[in-house]
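Model the structure of this input:
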Amino acid sequence: MAGHSQFKNIMHRKGRQDAQKSKLFGKLAREITVAAKLGTPDPAMNPRLRAAIIAARAENMPKDNIERAIKKAAGADTENYEEIRYEGYGPAGVAVIVEVLTDNRNRTASDVRSYFTKSGGNLAETGAVSFMFDRLGVIEYPPEIASADAMLEAAIEAGADDVASDEESHEIFASQETYRDVAKVLEEKFGEPRKAALVWKPQNTITVDDEAAEKLFKLIETLEEHDDVQNVYANFEVSEAAMAKMGA
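The predicted structure is shown next:
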């Protein structure tokens with residue numbers, strides 16, 4: 001069960017620079033509003049909303065912004081966002097999954113397709129690459145919250161499937177069906193996690209060189225900069241030689 005996960009190396013994380021905060025807050029607010037609209041505005045009774053609020057807090061989104069996004073769900077003028085998953089292949093045949101919330105399906109599809117094409121990849125049909133990923137819940141805690149052994153023991157008792165601990169975090173993985181129960185047990189023991197969400201975790205990864213890595217990072221960055229894109233996942237890792245050459 002224990003073992004180091006390479007998931008953080010293959011899920012390109014959003015930057016935290018000040019210039020990107022406004023865009024990031026907008027995406028977080030959109031997810032909060034959609035979650036509140038689809039369920040109840042009470043996060044204690046709405047797991048998706050609670051996960052969205054946790055993600056917002058992790059990015060230091062102001063409390064007023066969070067509350068405003070929840071209240072917006074009850075408004076008559078709230079945009080109707082559609083959840084869509086795009087799948088395709090990037091450079092070096094890397095599988096990419098893109099999750100979006102959009103109020104204009106045609107615009108978003110056109111943009112996403114053009115990004116894949118410009119990168120040397122191609123957009124595929126839904127289901128074309130997702131079979132290479134597992135849909136899992138991940139609960140993340142900072143490393144200082146517990147030792148690796150203590151976290152592993154707690155995760156096993158809570159019903160988790162896998163744990164990856166390193167100097168950056170503890171990542172606890174659970175099935176799509178059980179992860180909310182696992183998260184609840186762990187929260188009672190360790191407090192609120194810094195992340196609790198459903199993700200696409202690659203079953204296997206492709207090792208790429210520096211040229212392909214640069215193209216892939218560019219593709220993912222371009223996708224993540226799009227207002228409608230919420231999450232991007234890909235099944236690659238960068239070779240040690242390429243990491244050294246890229247100065248990572």
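
what element comes up after the helix ranked longest in the chain heading to the C-terminus?
In the chain, assigned by DSSP state H, the helix with the most residues is helix 18-38. Next helix or strand after helix 18-38 toward the C-terminus (DSSP states H and E): helix 47-58.

can you state the direction angle for the longest helix of the chain and helix 47-58?
Angle of helix 18-38 versus helix 47-58, following axes from the mean of the first three to the mean of the last three C-alpha atoms, to 10 degrees, is 160 degrees.

hmm, who's touching helix 18-38?
For helix 18-38, contacts defined as C-beta atoms under 8 Å, 6 or more residues apart in numbering pick out 14, 16, 46, 48-49, 51-53, 55-56, 59, 61, 65-66, 68-70, 72-74, 78, 81, 83, 101, 225, 227, 229-230. Bear in mind the C-beta positions are built from the backbone N, C-alpha and C, glycine included.

Alpha carbons only: can I get it in CSV?
Extracted in CSV, the C-alpha atoms of helix 18-38 (Å, rounded to 0.1, in the frame of the first residue of the first chain):
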residue,chain,number,x,y,z
ASP,A,18,-0.3,37.2,-8.1
ALA,A,19,-1.1,37.8,-11.8
GLN,A,20,-2.9,34.4,-12.0
LYS,A,21,-4.8,34.8,-8.7
SER,A,22,-7.8,36.6,-10.3
LYS,A,23,-8.2,33.9,-13.0
LEU,A,24,-7.8,31.1,-10.4
PHE,A,25,-10.3,32.7,-8.0
GLY,A,26,-12.7,32.9,-10.9
LYS,A,27,-12.4,29.2,-11.6
LEU,A,28,-12.8,28.3,-8.0
ALA,A,29,-15.8,30.5,-7.6
ARG,A,30,-17.4,28.9,-10.7
GLU,A,31,-17.0,25.4,-9.2
ILE,A,32,-18.4,26.6,-5.9
THR,A,33,-21.4,28.1,-7.6
VAL,A,34,-22.1,25.0,-9.7
ALA,A,35,-21.7,22.7,-6.7
ALA,A,36,-24.1,24.8,-4.7
LYS,A,37,-26.6,25.0,-7.5
LEU,A,38,-26.5,21.2,-8.2
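
May I see the buried residues of it?
Going by neighbour count (16 or more other C-beta atoms under 10 Å), the buried part of helix 18-38 is 24-25, 27-37.

Can you flag the buried ones in the contacts of helix 18-38?
Buried among the contacts of helix 18-38 by 16+ other C-beta under 10 Å: 14, 46, 48-49, 51-53, 55-56, 61, 66, 69-70, 72-73, 81, 101, 229-230.

And residue 172, how far from residue 164?
8 Å (C-beta to C-beta, to the nearest Å).

Looking at the two now, which is surrounded by more residues?
Taking other C-beta atoms under 10 Å, residue 172 and residue 164 do not tie; residue 172 has more neighbours (28 against 22).

what is the mean pLDDT for the longest helix of the chain?
Mean per-residue pLDDT for helix 18-38: 86.

centre of the chain versus it, how much separation?
In terms of C-alpha atoms, centre = their mean, to the nearest Å, the centre of helix 18-38 is found 13 Å from the chain centre.
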